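**Student:** kindly return the folded structure for what I paste below:
(one chain, ligands or ions: 1)
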Amino acid sequence: MPLFQPDLEAMPRAQLTALQEERLSALLARLEANTLSPFWSGRLRGHGSAAGSFRRLEDLARFPFTRKTDLRDSYPFGMFAIAMRDVVRLHASSGTRGRPTIVGYSANDIAVFADVNARALAAAGATPDDVIHNAYGYGLFTGGLGFHYGIERLGATSVPVSGGNTPLQLQLMRDLGARGLCATPSFTMLLAERAQEAGVLGDLRLGYACLGAEPWSDELRAKIEDAFDGIDACDVYGLSEVIGPGVATECREQKDGLHVAEDHFYPEIIDPESGEPLPEGSQGELVLTTLTKEAFPVLRYRTGDVTALKSEACPCGRTGRRLARISGRVDDMLVIRGVNVFPSEIEAVVMAQPMLAGQYVIVVDRRGTMPRLEVHAELAGPAGEGAGADLIAALKADLAQRLRISCAVTVGAPGYLQRTEQGKARRVFDRVDARDPLPEPS
Ligand SMILES: [Zn+2]
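**Tutor:** Got it, this is the predicted structure:
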């Protein structure tokens with residue numbers, strides 16, 4: 001499949017930079033002059049950062065950040081930059097605590113949302129001839145509708161199945177001949193396991209998958225691609241505060257970092273402590289500015305996601321810089337005895353062990369003065385040779401090498417850990433008293 005919008009996705013860098021500068025300048029002027037949202041006019045006028053002083057991309061670093069707390073404080077519509085009569089849709093973020101954050105879209109925003117998701121699908125290998133099974137949740141969450149409109153924009157056929165009911169999902173994938181799958185990586189792994197158990201894996205025609213909404217690892221990718229007989233599993237990145245899925249996407253040619261749709265979203269990497277921009281290639285917090293959003297623009301939004309930007313040429317021809325796979329969240333980073341640990345690093349170790357299934361849970365035991373880490377995993381098949389003490393010792397050694405701290409390891413029989421049929425899998429639990437924090441397997 002060629003690029004969905006080659007003129008935009010493969011735009012020469014110099015031309016792209018000029019377009020970004022022009023769009024940033026227009027955005028800043030529009031926000032400063034905005035009379036509908038006191039948030040934006042106040043934010044820009046109050047910081048000695050008048051829009052007129054913006055000339056070059058480097059100037060952006062002088063402008064203030066937008067934070068998740070700004071969205072919460074301006075609930076529900078305080079940051080909307082157009083009149084409500086021009087807003088055609090609302091979504092809400094999947095915030096874990098407190099009130100949700102509400103985001104809005106103009107008709108043009110929805111068109112951009114459809115375009116960037118069509119780009120992501122095409123980058124994974126989708127064509128207009130395909131039936132695409134969309135198992136992302138439909139509703140306030142942006143995943144379902146974002147991909148739905150992307151599938152239709154591409155001209156393919158959408159199966160809007162949403163989450164849950166795995167047996168029905170497998171039946172539909174088989175009977176309707178799905179070539180593409182849109183889902184979370186954890187749910188995709190569950191589909192693979194259930195298809196294997198039901199003996200229907202060989203009946204599926206799956207060729208590619210657009211997987212996102214959770215951090216995942218190359219090791220899990222290898223497991224998924226292998227389980228579905230050599231499909232292309234590509235990572236998709238997005239967040240509702242910026243637009244939803246489609247902000248950045250992997251191409252099947254490289255699968256090494258996600259091309260940012262830089263004509264719509266401008267990325268920066270900053271030091272999460274100091275807020276200073278970091279040189280290219282450094283790992284830090286991803287900050288995004290929307291270049292074309294009308295209803296709900298964000299300026300230098302602190303995503304909380306930890307990654308790095310790389311600009312080496314890609315064989316696919318796309319010129320958008322690539323985000324390294326997200327290592328985790330600035331606020332999900334576990335600090336265990338002074339060492340920073342991302343759940344994704346534990347996932348990578350678990351996935352690399354062929355005797356284990358693609359499920360794992362991390363428990364932070366907080367009962368003592370110093371927190372201790374427990375990793376719970378599960379055997380891929382019936383316990384056999386080497387499944388006992390040797391496997392646990394090997395896992396402990398691999399974890400200690402990767403994380404630089406020691407962990408307790410438990411390996412259960414198949415079915416030991418609960419599966420998530422809807423939404424994002426919860427991987428981290430705290431142990432604070434004698435009760436077992438792990439949820440019961442379903
Ligand atoms: Zn590429």
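**Student:** just give the nearest non-adjacent residue to S162, would you?
**Tutor:** Spatial nearest neighbour of S162, excluding adjacent residues (CB to CB, 6 or more residues apart in numbering): Y138 at 4.5 Å. For glycine as for every other residue, the C-beta is placed from the backbone atoms N, C-alpha and C.
**Student:** no wait, L140
**Tutor:** Using CB to CB, 6+ apart and skipping the chain neighbours, the partner closest in space to L140 is A92 (4.1 Å).
**Student:** go on, R99?
**Tutor:** Using CB to CB, 6+ apart, the nearest residue to R99 is Y75, at 5.7 Å.
**Student:** do G257 as well
**Tutor:** Of all residues not flanking G257 in the chain, R322 sits nearest, at 3.1 Å (CB to CB, 6+ apart).
**Student:** how about A308, what does it touch?
**Tutor:** Residues near A308 by CB atoms under 8 Å, 6 or more residues apart in numbering: I269, G281, S282, Q283, G284, L323, A324.
**Student:** was I right about A10 contacting L3?
**Tutor:** Yes - counting by CB atoms under 8 Å, A10 touches L3, with 6.1 Å between them.
**Student:** how much space separates Q418 from D235?
**Tutor:** As judged by CB to CB, to the nearest Å, Q418 and D235 stand 24 Å apart.
**Student:** in the single longest helix found in the chain, what's buried?
**Tutor:** If you go by DSSP state H, the chain has its longest helix at helix 13-32. Within helix 13-32, the residues that qualify as buried by neighbour count (16 or more other CB atoms under 10 Å) are L16, Q20, E21, R23, L24, S25, L27, L28, L31, E32.
**Student:** the last one contacts G42, correct?
**Tutor:** No - assessed by CB under 8 Å, E32 is found out of contact with G42, at 9.8 Å.
**Student:** wait, what's in contact with the residue nearest to R99?
**Tutor:** R99, T101, I102.
**Student:** measure P315 to the ion for me?
**Tutor:** Between P315 and the ion the computed distance is 7 Å (CB to the ion, to the nearest Å).
**Student:** distance check, the residue nearest to L28 when sequence neighbours are not counted against the ion.
**Tutor:** Leaving aside its chain neighbours, L28 sits nearest to A51 (3.6 Å; criterion: CB to CB, 6+ apart). The spacing between A51 and the ion, counted by CB to the ion, is 34 Å.
**Student:** the residue nearest to L140 - how many residues pack around it?
**Tutor:** Around A92 there are 16 other residues, counting by other CB atoms under 10 Å.
**Student:** so for it, what's the pLDDT?
**Tutor:** The score at A92 is 93. That number is its pLDDT.
**Student:** how about the contacts made by V242?
**Tutor:** By CB under 8 Å, 6+ apart, the contact list for V242 reads F265, L288, T290, K293, V298, Y301, T303.
**Student:** need those in TSV (columns: pLDDT, neighbour count and secondary structure).
**Tutor:** Listed next are these as TSV, based on pLDDT from 0 to 100; neighbours: other CB atoms under 10 Å; DSSP: H, G, I helix; E, B strand; the rest coil:
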residue	pLDDT	neighbour count	secondary structure
F265	98	25	strand
L288	98	26	strand
T290	98	23	strand
K293	98	24	coil
V298	98	26	coil
Y301	98	22	strand
T303	96	21	strand
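**Student:** just give me the closest of those to the ion.
**Tutor:** Nearest to the ion, judged by CB to the ion, of these is F265 at 16.5 Å.
**Student:** buried residues of stretch 222-231, list them for me.
**Tutor:** Neighbour counts using 16+ other CB under 10 Å place K223, I224, E225, A227, F228, I231 of stretch 222-231 among the buried residues.
**Student:** stretch 319-328 and the ion in contact?
**Tutor:** No - residues of stretch 319-328 are not located near the ion by CB under 5 Å from the ion, the shortest gap being 7.2 Å.
**Student:** any idea how many residues pack against G137?
**Tutor:** 22.
**Student:** list the contacts of stretch 375-385.
**Tutor:** Contacts to stretch 375-385, defined as CB under 8 Å, 6+ apart, come from residues 346, 350, 353-357, 359-363, 387, 395, 399, 407-417, 438.
**Student:** okay then, goodbye and thanks.
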